[in-house]
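**Student:** predicted model, plus sequence, below.
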Amino acid sequence: MPRAEFLPFARPVIGEEEIAEVVDTLRSGWITTGPKTKSFEGAFKEFLGAPGALALNSCTAGLHTALVTLGVGPGDEVITTPMTFAASVNVIEHVGARPVLVDVEEDTLNIDPVAIEAAVTSRTKVILPVHYAGHPVELDAVFEIAKTHGLAVLEDAAHALPAKYNGRTIGSGSNPAAFSFYATKNLTTGEGGMLTGNPEFLERARVVSLHGMSRDAWKRYAKGGSWFYEVIEPGYKYNMTDIQAALGLWQLRRLGDFQERRRAIVAAYNSAFGQHRTFEVPTERENVEHAWHLYVLRLNLEAITVDRDRFIDELAKRNIGASVHFIPIHLHPFYRDKYGFAPGDFPVAHKNYKRIVSLPLHPGLSEADVSHVIEAVTDVADTFSR
């Protein structure tokens, strides 16, 4: 039976506990970076088993802050993937470095370590892998390349909470990793992010993230604090607020339940689509735990008479929201024109871009919602079967 109301592609799941925690923050008189942000940093660090954590206002801020702290600048190169949101590459431009894009693996759509190795030059300073859709990158291979050539590794873990690679939680290493708490993410603070890594690195990053000041507001205005501070470099305004952290503290406590629901939805989708000639379901390699931020279904375009865009339009007519993750970086006008990219420069990314559809996946989906998605997707495929 057709769905009566439109099902959005994504929406946050906010409980009464989060609401009460935010109200408590508003009544406390401390709404900017303060005690709850500090508590959230500690809880997140403990959850991951990370050496340190720095709460920020976005994952983009985390990536930018890390590049600045690593000393990346004009003349340097950063190797990354075209299969990502623009923020991953924009931050490389912000520090004046050159983004070097390399192609992705066929199965995971993650950056290909073989392509990374081939792209290293004397100007390469950082490898910036993105854990696409929540499936971890082959980190052992990436770190081996980095060790061989003396490079830093900065992980874009925007999709990767709480993924694991070879039993290790993403973000638990000493290298910097940036997480996103945007409204659609597995854990949300509305807007927000976290940078994990070595404590000494994060202390330098903390200065970069707050105007280059030697003391933050909590150290200046709390009881026993000192008004005195010095600006030791021209930093940025990237701090998280206690209002955001209040949401994060409860979202983190609920993350296990959220992930259990995500995995159940993925299992239902895989069961429904796995044997259908029109579809290729997402990969999950044996040595990883997928975070399942996105469920990216790939269309076998030879099996249907419509293209991907029409497929999504047909889902919308059936009141099912869908999206595309992502338009590859080299197809966007700024990067295409600045670096002279052609669509076929990264053939695996480009080929798959034309056939990917992200289906609704969040813990707020009911069993009826999931059934409606499955019915609509299979109906479109069957209606336009070749």
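**Tutor:** Now that the structure is in, tell me what you want to look at.
**Student:** need the contact partners of the helix or strand containing residue 207.
**Tutor:** According to DSSP states H and E, residue 207 maps onto helix 199-209. Residues from elsewhere that reach helix 199-209, judged by C-beta atoms under 8 Å, 6 or more residues apart in numbering: 51-54, 56, 61, 65-66, 68-69, 176, 195-197, 213-214, 216, 232-233, 235-236, 238-239. Bear in mind the C-beta positions are built from the backbone N, C-alpha and C, glycine included.
**Student:** and if you look at stretch 138-153?
**Tutor:** By C-beta under 8 Å, 6+ apart, stretch 138-153 touches 70, 105, 110-111, 113, 116-117, 120, 124-129, 155, 165-166, 175-176.
**Student:** chain center to it, what's the gap?
**Tutor:** Here the centre of mass of C-alpha atoms in stretch 138-153, compared against the chain's by C-alpha atoms, centre = their mean, to the nearest Å, lies 21 Å away.
**Student:** tell me the mean pLDDT for it?
**Tutor:** Mean pLDDT, taken over the full extent of stretch 138-153, equals 98.
**Student:** just stretch 16-34 next, same as before
**Tutor:** The predicted model gives stretch 16-34 an average pLDDT of 96.
**Student:** just to revisit the earlier point, narrow the contacts of stretch 138-153 to those in helices?
**Tutor:** Helix and strand membership here follows DSSP state H; of the contacts of stretch 138-153, those in helices are 113, 116, 117.
**Student:** reformat those as CSV; add neighbour count.
**Tutor:** Formatted as CSV, the ones in helices among the contacts of stretch 138-153 follow (neighbours: other C-beta atoms under 10 Å):
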residue, neighbour count
113, 21
116, 26
117, 16
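**Student:** now the phi/psi pair for the closest residue to residue 124 other than its chain neighbours, please.
**Tutor:** Counting by C-beta to C-beta, 6 or more residues apart in numbering, the nearest residue to residue 124 once its immediate chain neighbours are dropped is residue 77, at 4.7 Å. Phi and psi for residue 77, reported as degrees, to the nearest 10, are phi -120, psi 140.
**Student:** before we move on, what about residue 100?
**Tutor:** Dihedral angles phi and psi of residue 100 (degrees, to the nearest 10) take the values phi -110, psi 110.
**Student:** now the strands for the chain?
**Tutor:** Read by DSSP state E, the chain holds these strands, from start to end of the chain: 53-56, 77-80, 98-101, 124-128, 152-153, 155-156, 164-165, 168-169, 177-180, 193-196, 279-280, 288-289, 295-299, 356-359.
**Student:** other SSEs contacting the fourth one?
**Tutor:** Pointing back at strand 124-128 there. The elements that strand 124-128 packs onto, with contact taken as 3 or more C-beta pairs under 8 Å, 6 or more residues apart in numbering; DSSP states H and E, are strand 77-80, helix 139-149, strand 152-153.
**Student:** same question, the first one
**Tutor:** Applying 3+ C-beta pairs under 8 Å, 6+ apart, one finds that strand 53-56 contacts helix 35-48, helix 59-69, strand 193-196, helix 199-209, helix 242-273.
**Student:** where does this protein have low pLDDT?
**Tutor:** Per-residue confidence of the chain (counting by pLDDT under 70) places the weak regions at 1, 215-224.
**Student:** per-domain residue ranges of it.
**Tutor:** Domain assignment for the chain, taken from automatic domain parsing, gives 16-251, 255-383.
**Student:** out of these, deepest packed?
**Tutor:** domain 16-251 (a mean of 20; mean count of other C-beta atoms under 10 Å).
**Student:** how far away is residue 373 from residue 380?
**Tutor:** 11 Å (C-beta to C-beta, to the nearest Å).
**Student:** for residue 324, that is, sorry about that
**Tutor:** When C-beta to C-beta is applied, the distance between residue 324 and residue 380 equals 15 Å.
**Student:** returning to what we had before: okay but the residue nearest to residue 124 is in contact with residue 128, surely?
**Tutor:** No. Counting by C-beta atoms under 8 Å, residue 77 stays clear of residue 128, with 10.6 Å between them.
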